[in-house]
Every structure is written in structure tokens, then in C-alpha cells.
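S.K.: Predicted structure and sequence below. I'll ask about it afterward.
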Amino acid sequence: MYALFPLIVLLGSGLMMPLIGMLSRKIGKEKIRDIWTVLAFAASTTYFLYIIFYGKLPISYKIDLEPGWASIGIRIDAFSAYMSLIFSFLGLMVSIYSIGYMENETGLDEYYTLLLTLVAGMIGVTIVNDLFTLYVLWELMCISSYTLVSFRKHRWEAVEAGFKYLIMSTIGSLIALYSISLLYGITGTLEFSKLGEIILSNTASIPKDTLYFIIAMVIAGFGVTAAIVPFHTWLPDAHPAAPSSISAMLSGVVIKTGAFAIFKILFTVFYPTQFNYGSILILFGLLTMTVANIMVISQRDIKRFLAYSSIANMGYIILGLGVATYIAYNYPTGLDAVSLALLGGLFHILNHAIGKGLLFLGAGCFIHEAKTRDLAKLEGIGAKMPFSALSFSIGLLNLAGIPPLSGFWSKFFIVMAMLAFLEDPFLYVSTIIFVLNMFVAAGYYIWLLQRISLKKPSEILSKITEAKLSMLVPVLVLASLCVLITIFLDPVLKVIAEPVNVLIGSTISNIKNSLVLGGV
């Protein structure tokens, strides 16, 4: 049961929310409902902090169902604990922020219930040990996120965006489910611990075309939620329609769950030393960042602007995975470069989760006070909201990759992994495109910073004041983390090195086998 603690806390708190909300209204203390949610996220976050720094990983637990039914396996390793900590922590920040941001909204019992089940679903996806249970919890996450996007259902914009997200994500989920069904038909199991071994030992009898077809469906199916181009079009519509707190969750962690599923399945089931899909992932990464960086330039809605920049950053993360798998397949001696590319990709998941969570919460402060998302009308608002603007600026500089901030290092590690094999024409061209995209992104982040923080405010902003303390605290905490991660870069990288070791652990033996067979 120790392994199920975060799920029990979050799901239990979500299920009890209607009762807590009713009781808090009866005694005239509605803040009890808010505090209940914050405490649930705090407990979950504390749990993952404890097991990462003091626990003995991996933690395994099996739930035996009725006779004749399969059991459900739970496995918390360094990778799942790392991702779950990010999900839970951002949920904590958003729950605190929501106390002030959502106080005038109706239906807050439902809002907090959905927020709790959203994070519970994401954490569940990371800790389960079989694909069927992963899919069930994936749907819990998706249903919660659809509903939260459409939370302001009295506005057509929210209904339209939620419906578009529902349709696209459902198609992606069905594609992923079909790939899962094919895997079960081929192997007779859906346990991660067995799938890779069965496929590896039966590669001669299983048609390679079938396996590559499954790989393609995994990337496309989970790639919809990861907002990979061309499956990205739901995200720029969802962000303006959703409350800013939910926008922070969507870009900060929901799309990272799609990336987690792709990372997990490809490295656990389809060993990159045996399957040549790295070049496709690199192309997806480059296409994603290039299209998004072009689209962001023309945006005048601050939330659409940040949405497209999120898509670009997902391109960086997928590129890191692609570079790692490409090198593992084509250069069996390049284990250091494989580790470096994965380190960059996983580090950028952290940097973007914190940075983009900060930017959406900061933008929410501006929108809440100015009652507009128009960048032209928000110019110079930093003079009226100095703490929000300073934090917002730190987030922009971090994601722009300005040295020595941590956002620079995650991109730098991916570039260094690519430079290790620069004699490869494909990696050479890919490196150039990646670096050009980095400069473009840095340019528009700096452009946004000077418009928000450095220009003089117009008269329409004359009565604007700083955001409420409950909204400001999470923004300041996230901005401080951007700085602290930079200062304590070495210990942070040591923590991230453990998830990297988990991902390549099953691959190392295959690399060694390849070296022996190749006579190296």
C-alpha cells in the first residue's frame, strides 16, 4: 500500500471534495475546500521527495484481482518518481494559485475534484507496470483535462476548444489502444517487464514491418497529447479558453505525460539498439520546434503565444529522445552521448514544466488584473505589477536559454550529444536546424520580456495593482526555483542521472551484445 499512497490521497481527496465543499459552505468557511486540496498535493509532493532522496527504488507492489483476472502491478523507479514529483509539485503550485484566481468562479467543488483526478491520472500513468492499466489511468487524465479546458462552459470559446481537444485526443487514444492490442496479440502480455524480452527473443518470427507499425502508432497516439506537430492544433485553442491555472497544468505537465509514455514504451519495449526509429523522432522534433517557432511570431494573444512556445519546447524534448535512440542504434560505442541526450531531454522536461508553469501563472496575474489577453494592451504592465513581472521575466530568460540559467544547459546537453557524431551528415544538418531554432526562440522570448517589463504602461493600465498574495506566492516560488536549479546545477543533474540510468539500463546489455557480435 506504501506505493499507492499518492493515488489514494489524490483520488480519495477528489472523491470527498463534494462533501468537503458542502460542509465548508454550511459553516461559512469555504477556504477549507481550498486548503483540503493544497494539503492533498502537499502530501503527494512530500511523498515523492522522500522516496527520491531517502527511499530505496524501485518500489514494487502487486494488486491481485479476482481469480481468473490479471494482477495490476505498481513499480515506482527513479524515472516515474522524477516525473510524478514534477506533476505533483506543479499541482501544488496551481492549487495555491487557484485560491485567489478562481475565488469568483462557480462550480469550484468540481474544479478541485477534476484538478485532483487530473494529477492522480498522470501519476498513475507513470507508476503502473502494464500497458492496460496505463491506458485506463491515461483516460482518467484525459477526461479530467477535457472538462477543465471547458470549465467556463458559459463561453463558446471554452466549449469549442474542449470539444476540439476531446475529438483529437480521443483519436490519439484509440490509436494508442490499437497499438497496445497488437502488442498483446503478439506477446500475450502487457507487462513492461516482459514485453521487451519477448519481442527481443522473437524478432526473427515477428515481422519487422508489424513492429515498426506499432512504434509509429505509439508515437502518433501519445504524440497528440504531447502536442507534437502535426498533432498539435488543439493546444493553441485550449490555452486561451482554459483558466490560466489549467493552462499552466496543460503546458507544464499534461503534455509531458505524452512524452513520458513515448519515452517509457520505446525504451522498455522497443530497445533502441534493435529498432531504427531515432531518425523519425529527430525529424518530428525538428518539425515541431520549427513550425511552432514560426507560428508564435504572429501571435498577439499572450496565451496563444505561450501555447506555441510550449509546442516548440516539446520539439526539444522529442529531439533529445530521438538523438539518444539514433546514436544507440547507429553508434553502439556512443553510450556517453546517449546518456547526455537523455539527460538533456529529461532536464528540459523539468525546466519547461517550471518555466512554463511560471509563465502561464504570471500571465494569469496580468490577465486577472487587466482583463485582457491582448499583448498590445498588456505592454508595460510590469511597471504596475513589479513582482509578477520580475518573476515572469525570469521564466522568459530561463526558457530563452540565456546562460547560465538552467534552460541553457538542458539544450546544451542535447547539442553536445549531437556534436559527438558531427561527421554524421544527418546529425550535422539536424544540429544546425536545432541551433537556429534556439536563437529564434530566444529572440521572441526577449521581445516579449521587453514589451511586458520594460515599456511604459498605457493609460488603460493606470489603475492596475499587484496580484493577490495567494496568486503571487506560487509565481515567486517557481521563479526562485529557476534560479536555485541554476545555482545547484550539479546536485540536480545527479538526481536526473538516475532516471537516465533507468531508461538506458535495459539498453546497456543490448549495446554490449551488439559490440560483441560486431567484433568491437
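M.R.: Everything's here; your move.
S.K.: need the strands for the chain, in chain order.
M.R.: Ranges of strands in the chain, per DSSP state E, are 59-63, 72-76.
S.K.: Of these, flag the one that's most buried.
M.R.: Stretch with highest mean neighbour count among those: strand 72-76 (a mean of 21; mean count of other C-beta atoms under 10 Å). For glycine as for every other residue, the C-beta is placed from the backbone atoms N, C-alpha and C.
S.K.: least reliable of the strands of the chain going by mean pLDDT?
M.R.: Of all these, mean pLDDT reaches its minimum on strand 59-63 (a mean of 82).
S.K.: Need the residues that contact it.
M.R.: Contact with strand 59-63 is made by Met1, Tyr2, Ala3, Leu4, Ile51, Ser71, Ile72, Gly73, Ile74, Arg75, Ile76, Asn129, as judged by C-beta atoms under 8 Å, 6 or more residues apart in numbering.
S.K.: Farthest pair within the residues you listed?
M.R.: Farthest pair in the contacts of strand 59-63 (C-beta to C-beta) is Ile51 and Ser71. Separation: 22.2 Å.
S.K.: quick one, which of these two is more surrounded?
M.R.: Set Ile51 next to Ser71 and count neighbours by other C-beta atoms under 10 Å: Ile51 wins out with 22 against 12.
S.K.: how deep is Thr486 tucked in, by neighbour count?
M.R.: When neighbours are defined as other C-beta under 10 Å, Thr486 has 18 of them.
S.K.: Show the contacting residues for it.
M.R.: Thr486 is in contact with Pro404, Leu405, Ser406, counting by C-beta under 8 Å, 6+ apart.
S.K.: which among these end up buried?
M.R.: Leu405, Ser406 (16 or more other C-beta atoms under 10 Å).
S.K.: Which ones among the contacts of Thr486 lie within helices?
M.R.: Under the assignment DSSP state H, the contacts of Thr486 contribute Ser406 to helices.
S.K.: Looking at the contacts of Thr486, which is nearest Tyr445?
M.R.: Taking the contacts of Thr486 together and measuring to Tyr445 by C-beta to C-beta, the closest member is Leu405, at 11.3 Å.
S.K.: so the closest one touches Leu396, yeah?
M.R.: No. Using C-beta atoms under 8 Å, Leu405 makes no contact with Leu396, being 10.2 Å away.
S.K.: quick one: buried residues of stretch 425-444?
M.R.: For stretch 425-444, a neighbour-count test (16+ other C-beta under 10 Å) marks Leu427, Ser430, Thr431, Ile433, Phe434, Asn437, Met438, Val440, Ala441, Ala442, Tyr444 as buried.
S.K.: In a markdown table: those residues, plus pLDDT and distance to Leu211.
M.R.: Shown next, in a markdown table, are the buried residues of stretch 425-444 (pLDDT from 0 to 100; distance: C-beta to C-beta, whole Å):
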| residue | pLDDT | distance to Leu211 |
| --- | --- | --- |
| Leu427 | 95 | 25 |
| Ser430 | 96 | 25 |
| Thr431 | 96 | 29 |
| Ile433 | 97 | 29 |
| Phe434 | 97 | 28 |
| Asn437 | 96 | 31 |
| Met438 | 96 | 34 |
| Val440 | 96 | 36 |
| Ala441 | 95 | 35 |
| Ala442 | 95 | 39 |
| Tyr444 | 95 | 40 |
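S.K.: May I see the residues you listed arranged in a markdown table, with distance to Ser193 as well?
M.R.: Listed next are these as a markdown table, based on distance: C-beta to C-beta, whole Å:
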| residue | distance to Ser193 |
| --- | --- |
| Leu427 | 33 |
| Ser430 | 33 |
| Thr431 | 36 |
| Ile433 | 37 |
| Phe434 | 35 |
| Asn437 | 38 |
| Met438 | 38 |
| Val440 | 42 |
| Ala441 | 39 |
| Ala442 | 42 |
| Tyr444 | 44 |
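S.K.: Among those residues, which ones are in helices?
M.R.: Counting by DSSP H, the buried residues of stretch 425-444 place Leu427, Ser430, Thr431, Ile433, Phe434, Asn437, Met438, Val440, Ala441, Ala442, Tyr444 in helices.
S.K.: Enumerate every residue touching the fourth one.
M.R.: Residues in contact with Ile433 (C-beta under 8 Å, 6+ apart) are Leu286, Thr290.
S.K.: Counting neighbours, which bits of the top helix by length along the chain end up buried?
M.R.: Identified as the longest helix of the chain according to DSSP H is helix 335-370. Going by neighbour count (16+ other C-beta under 10 Å), the buried part of helix 335-370 is 335, 337-370.
S.K.: swap in stretch 451-470?
M.R.: Going by neighbour count (16+ other C-beta under 10 Å), the buried part of stretch 451-470 is Arg451, Ile452, Ser453, Pro457, Leu461, Ile464, Ala467, Lys468, Ser470.
S.K.: Kindly check the end-to-end length of it for me.
M.R.: End-to-end distance of stretch 451-470 (C-alpha to C-alpha, to the nearest Å): 25 Å.
S.K.: Using CSV, write out every CA atom in stretch 229-249.
M.R.: The C-alpha atoms that make up stretch 229-249 are tabulated as CSV, following Å, rounded to 0.1, in the frame of the first residue of the first chain:
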residue,chain,number,x,y,z
VAL,A,229,3.4,18.6,-34.9
PRO,A,230,1.2,17.8,-36.9
PHE,A,231,-0.9,16.6,-33.9
HIS,A,232,-0.6,19.9,-32.0
THR,A,233,-3.6,22.0,-33.2
TRP,A,234,-5.7,21.5,-30.1
LEU,A,235,-3.2,23.2,-27.8
PRO,A,236,-3.3,26.8,-29.1
ASP,A,237,-7.1,26.8,-28.8
ALA,A,238,-7.2,25.1,-25.4
HIS,A,239,-4.9,27.6,-23.7
PRO,A,240,-6.9,30.8,-24.3
ALA,A,241,-10.2,29.1,-23.4
ALA,A,242,-9.0,27.4,-20.2
PRO,A,243,-8.4,29.2,-16.9
SER,A,244,-4.7,30.3,-16.6
SER,A,245,-4.2,27.8,-13.8
ILE,A,246,-5.3,25.0,-16.1
SER,A,247,-3.1,26.4,-18.9
ALA,A,248,-0.2,26.0,-16.5
MET,A,249,-1.1,22.4,-16.0
